[in-house]
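Enquirer: Sequence and predicted structure below; questions after.
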Amino acid sequence: MAVEDYNWADKLVHKLAFGTKVPQDVLCDIEAQLYADQISRQKAMAPIFITSLPRAGTTVLLEVLARHPALVAHSYRDMPFVLSPIIWRRVSSRFHVAQDAAERSHGDGLMINVDSPEAFEEVLWLREFGDHYTKTGIATWDRLPPEFVKTFREHMKALIASRGVEHGGRYLSKNNANIARYGALARALPDAKFLLPLRHPLDQAVSLMKQHKRALAEHDATPFARAYTRDVGHFEFGRNHRPILFDSFATDGLDPEHVDYWLAYWIAGHRQFESDMRAVVLDMGALTNGATPVETVFDRLGLAPSAEALAHASGLLRPLPERRDDAGADEDLLKTATELFETIRARAI
């Protein structure tokens, strides 16, 4: 459910869930005890993580993959008690209503409703690693403690169990912030599959800049929209913007309202993929214009063909818009970004 669809009661429940850690913690403990057997029966093996900086096509990929019957992802119906999916599904099911799809707040033409998949995993990271989130930005992760890895696996199992999937469900995550911890995740979850959507850096940088400006206006006009994105750990844009503090990213002299900021951010975020061979690199230009079949993506992720997912993809995928004219980008930054893009794209499926 889009933020603008929240009524006073929805906002009240949201504030109850996120006002302090207590409600989420209590429900988590109750769920772990009441549904221990149901959760333990799930395997949650070979999870799939879609990650990249925003505006690369992560949501489109989530929309397509979430239609696959073997995969389970968070949806808007899991809000606001994201960390207790079994209990919240059971409690909230009596209030479920159908909702027509409407364009999401990004203004990019993607249509969503309460059953649409969405990126809510960051709620768990924010709760467990609050010290990583500072006023200046989000610190990257070098390693993940074993106790957190166990907690994360249990959350995957609970989400799968909440959908009534027995033994075979695979967790599907779309989380842009996972680019801050990609290496640590890959080491901690060796059975996981990582999908990196790759978009031309200038197109993506211009889109990032425009989305940031759009979010600034939205946050100024709607305080609840700002609170909502902060509570679910979405610090990508607007008044809540906190960049991921990649080693090579220096913000001195850079303005988020200028394309050069986002080009430098793109370079810093993608350096880790220059020689890394673990992620499945997907050229979004090739996917959206039909040069790379969706079936190829399924195959690389270890998924059987799915007629439902393929049909959804055929109605959703459209060529990405190019925004390379008169962007006013620094020539050296653009050259560096383009060369890095071509290096990574050479490994695309």
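Expert: On my side now, so go ahead.

Enquirer: what about the chain, any weak spots by pLDDT?
Expert: Scanning the chain for pLDDT under 70 picks out 1-2, 94-113, 166-167, 326.

Enquirer: show me where it has strands.
Expert: 48-50, 71-72, 102-103, 111-112, 170-174, 193-198, 280-283 (DSSP state E).

Enquirer: Touching the second one from outside, list them.
Expert: Surrounding strand 71-72, the residues in contact under the criterion Cβ atoms under 8 Å, 6 or more residues apart in numbering are Ile48, Leu65, Leu159, Ile160, Arg163, Val165, Gly169, Arg170, Tyr171, Leu172, Leu303. Yep, even glycine has a C-beta here, placed from its N, CA and C like the rest.

Enquirer: Buried ones among those?
Expert: Ile48, Leu65, Leu159, Ile160, Val165, Gly169, Arg170, Tyr171, Leu172, Leu303 (16 or more other Cβ atoms under 10 Å).

Enquirer: tell me the two of those residues that are most distant?
Expert: Spatial extent of the buried ones among the contacts of strand 71-72 (Cβ to Cβ) is set by the pair Leu159 and Leu303 at 17.9 Å.

Enquirer: Serialize the contacts of strand 71-72 to CSV and add fields for distance to Asn289.
Expert: Output for the contacts of strand 71-72, formatted as CSV (distance: Cβ to Cβ, whole Å):
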residue, distance to Asn289
Ile48, 23
Leu65, 19
Leu159, 33
Ile160, 34
Arg163, 33
Val165, 34
Gly169, 32
Arg170, 28
Tyr171, 30
Leu172, 24
Leu303, 22
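
Enquirer: Of these, which pair is most distant in space?
Expert: For those, the maximum inter-member distance is 17.9 Å, found between Leu159 and Leu303 (Cβ to Cβ).

Enquirer: that older thread, export the strands of the chain to a markdown table and tack on distance to Leu34?
Expert: Shown next, in a markdown table, are the strands of the chain (distance: least, Cβ to Cβ, whole Å):
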| stretch | distance to Leu34 |
| --- | --- |
| strand 48-50 | 28 |
| strand 71-72 | 20 |
| strand 102-103 | 35 |
| strand 111-112 | 31 |
| strand 170-174 | 21 |
| strand 193-198 | 31 |
| strand 280-283 | 37 |
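
Enquirer: just the helices in the stretch 101-250 of the chain please.
Expert: For the stretch 101-250 of the chain, the helices defined by DSSP state H, counting those that start in this stretch cover 122-128, 146-162, 182-188, 201-221, 223-231.
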